[in-house]
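S.K.: Provided below for reference: sequence and predicted model.
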Amino acid sequence: WNQMKNKLIGKKLPKILFITAFDKDEVLKSLTDEESISVLTKPIRPSALLDAIMSLFGIMKGNPDVSKPLDIDLDTIRGAKILLVEDNDINRQVAREILEAEGFWVDSAENGHIACEMARSHAYDLILMDLQMPELDGFGATQRIRADPSVRKNLPIIALSADVLSQTLQRAKELGINDAIPKPIDPAALFQTLKRWIPEGGRERFTVKEFSSQPAVNPDTKENQIEQMRRMLPSIRVDWALSGLSGNVRLFRDILKKFLQNYEGFGEDFERRLKKEDRETAGRMLHTLKGVSAQIGAKKIYTLTELSESALRENPHTDEKLDAQLITALEATLSEIRKFLPLQQEEGAPINLGHVPTLKEKSQRLKALELALENYDARAEDLYSEMRFWLDRPPWAEKALLLEKALKKYDFDNALEICRAVLSQMETEGKEPE
């Protein structure tokens with residue numbers, strides 16, 4: 001940039017947008033204080049890139065309006081049936097809820113093997129395919145689906161990948177993938193791609209319980225939830241993360257909770273893999289953490305994970321100093337989340353202590369959970385969370401604990417058995433707990 005400025009002395013300077021994986025403030029310190037300069041940190045969403053360009057030209061300033069609806073007409077494709085293939089539970093939940101909130105029907109598969117079976121037995125309008133998965137990755141799954149005569153030839157398959165290198169996308173195209181969406185998913189880019197590939201038509205829409213777009217206000221501090229998140233989660237780009245969730249604060253809390261559950265003990269496990277020279281598993285752990293940290297807006301973790309993944313891939317010896325920095329950054333973010341989530345529970349965010357249902361209502365809700373588990377529906381976890389405050393009491397508390405553990409592991413078969421045992425006990429006793 002300095003060399004360019006020297007060559008342009010006496011001329012009007014162009015607008016400059018710097019893109020970096022490092023700290024934005026550190027980059028800005030090395031630049032002159034001019035309105036023609038802006039800095040964008042990785043990972044980059046298309047909407048964030050557009051906002052940065054518009055800001056350079058003085059069109060838009062300040063934090064994004066995370067509750068602002070998307071300006072994309074989806075009426076002609078709502079109700080389409082989509083197969084979501086994604087091995088990471090956080091990414092899977094985010095994509096599912098974004099799609100369902102707009103009226104799409106979503107089935108999910110955790111790996112390529114399951115995806116091939118589901119594509120064979122169901123008629124989908126489109127498949128969203130993660131490329132990096134264990135067992136059978138997105139490349140192999142796409143190849144099998146395209147070779148399967150029982151699957152319609154023109155079924156659109158859209159890649160989901162944090163790797164947007166030209167050679168990766170070219171390989172995907174050669175195997176029959178129609179288009180690609182970078183991860184973390186940007187809702188605007190997602191829905192624009194769906195409009196491009198899903199045939200128009202009148203379909204029955206999926207309906208989901210709406211959440212309030214207006215964040216609740218703490219009566220003591222006068223802070224709303226988003227302001228509280230910004231204060232209590234300094235290592236997380238809260239506005240950026242919420243913009244990728246269409247402003248869904250409840251979903252953001254959910255994925256923070258899962259992030260805490262999934263990455264407690266990551267450092268010990270990662271170091272153990274490296275000591276055993278299990279570089280493949282260690283690399284996969286880094287790749288997954290990179291994607292999830294991007295989704296929640298944990299910028300420092302994302303940057304360090306990207307550097308560690310590159311070092312592990314390119315060097316015969318690991319960079320112990322870099323790995324230590326990553327684990328320290330991860331622990332700092334986990335500590336912030338630990339302090340933040342209990343406060344949300346006290347305010348009643350995930351646990352509703354309002355109307356306690358009657359025994360008949362409890363039975364009906366358990367039957368709804370039973371049906372979801374029978375169909376391997378990921379919404380079973382949401383159904384359980386809504387009944388947890390009354391189920392986690394005598395005489396069902398012990399079974400409720402087992403049910404919650406099974407759901408966290410996505411062991412739906414075991415969870416189904418426990419759910420039926422609670423139903424049987426409830427119907428046999430026919431009375432409320434004391």
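M.R.: Right, received. Where do you want to start?

S.K.: can you pull the pLDDT of residue 136?
M.R.: In this model, residue 136 is scored at 90, pLDDT.

S.K.: how about the strands of the stretch 151-300 of the chain, start to end?
M.R.: 157-161, 179-182 (DSSP state E, counting those that start in this stretch).

S.K.: deepest of these, which one?
M.R.: strand 157-161 (a mean of 23; mean count of other Cβ atoms under 10 Å). To be clear about C-beta, it is placed using only N, CA and C from the backbone, and glycine gets the same treatment.

S.K.: And the residue lying closest to residue 206 once chain neighbours are set aside, how far from residue 377?
M.R.: Spatially, and ignoring its direct neighbours in sequence, residue 206 is nearest to residue 105 (4.8 Å; Cβ to Cβ, 6 or more residues apart in numbering). Distance, residue 105 to residue 377, by Cβ to Cβ, to the nearest Å: 11 Å.

S.K.: again, but for residue 243
M.R.: 28 Å.

S.K.: more crowded one of those two?
M.R.: Taking other Cβ atoms under 10 Å, residue 243 and residue 377 do not tie; residue 243 has more neighbours (24 against 17).

S.K.: What's the separation between the more buried one and residue 297?
M.R.: From residue 243 across to residue 297, the span is 9 Å (Cβ to Cβ).

S.K.: Repeat that for residue 92.
M.R.: Taking Cβ to Cβ, one finds residue 92 at 18 Å from residue 297.

S.K.: These two: which has the busier surroundings?
M.R.: A count of neighbours by other Cβ under 10 Å puts residue 297 above the other of residue 92 and residue 297, at 23 against 20.

S.K.: Over to the more buried one: give its phi and psi.
M.R.: Dihedral pair for residue 297: phi 80, psi 20, per degrees, to the nearest 10.

S.K.: State the three-state secondary structure for the closest residue to residue 191 other than its chain neighbours.
M.R.: Among residues not flanking residue 191 along the chain, residue 72 sits closest, at 4.9 Å (Cβ to Cβ, 6+ apart). For residue 72, the assignment made with DSSP: H, G, I helix; E, B strand; the rest coil gives coil.

S.K.: Run through the residues that contact residue 270.
M.R.: By Cβ atoms under 8 Å, 6 or more residues apart in numbering, the residues touching residue 270 are 282, 285-286, 323, 327.

S.K.: how close does the spatially most central residue of the chain sit to residue 181?
M.R.: Residue closest to the average C-alpha location in the chain (Cα atoms, centre = their mean): residue 91, at 3.2 Å. Separation of residue 91 from residue 181 (Cβ to Cβ) stands at 12 Å.

S.K.: shared neighbours of the two, anything?
M.R.: Taking Cβ under 8 Å, 6+ apart as the contact rule, residue 91 and residue 181 both touch residue 160.

S.K.: Just the residues contacting the one helix or strand residue 398 maps to, thanks.
M.R.: Here residue 398, judged by DSSP states H and E, is contained in helix 397-408. Helix 397-408 is contacted from outside by 261, 380-381, 384, 388, 391-392, 412, 414-415, 418-419, 421-422, 425, using Cβ under 8 Å, 6+ apart.

S.K.: By pLDDT, rank those residues and give me the bottom one.
M.R.: Lowest-confidence member of the contacts of helix 397-408: residue 392, scoring 67 (pLDDT).

S.K.: How many residues are close by residue 359?
M.R.: Count around residue 359 with other Cβ under 10 Å applied: 14.

S.K.: Just to check, it is in contact with residue 425?
M.R.: No: using Cβ atoms under 8 Å, residue 359 is not in contact with residue 425, being 11.7 Å away.

S.K.: who touches residue 286 in this structure?
M.R.: 270, 305, 308-309, 312 are the contacts of residue 286 under Cβ under 8 Å, 6+ apart.

S.K.: what stretches of the stretch 1-150 of the chain score poorly on pLDDT?
M.R.: Applying pLDDT under 70 to the stretch 1-150 of the chain picks out residues 1-2, 4-6, 8, 10-13, 18, 20-70.

S.K.: Could you give the number of residues near residue 168?
M.R.: For residue 168, the neighbour count with other Cβ under 10 Å is 17.

S.K.: Kindly apply the preceding question to residue 150 instead.
M.R.: When neighbours are defined as other Cβ under 10 Å, residue 150 has 8 of them.

S.K.: Would you mind measuring from it to residue 119?
M.R.: Per Cβ to Cβ, residue 150 is found 9 Å from residue 119.

S.K.: swap in residue 133?
M.R.: For residue 133 relative to residue 119 (Cβ to Cβ), the value is 15 Å.

S.K.: The two: which is more packed in?
M.R.: Neighbours were counted for residue 133 and for residue 119 using other Cβ under 10 Å; residue 119 has more, 27 against 24.

S.K.: Contacts only, for the more buried one.
M.R.: Taking Cβ under 8 Å, 6+ apart as the test, what residue 119 contacts is 83, 127, 145, 148, 151, 155.

S.K.: do residue 319 as well
M.R.: If you count contacts by Cβ under 8 Å, 6+ apart, then residue 319 has 308, 311 around it.

S.K.: Model confidence for it, exactly?
M.R.: Reported pLDDT for residue 319: 80.

S.K.: Can you give me the distance of it to residue 94?
M.R.: Applying Cβ to Cβ to residue 319 and residue 94 gives a distance of 30 Å.
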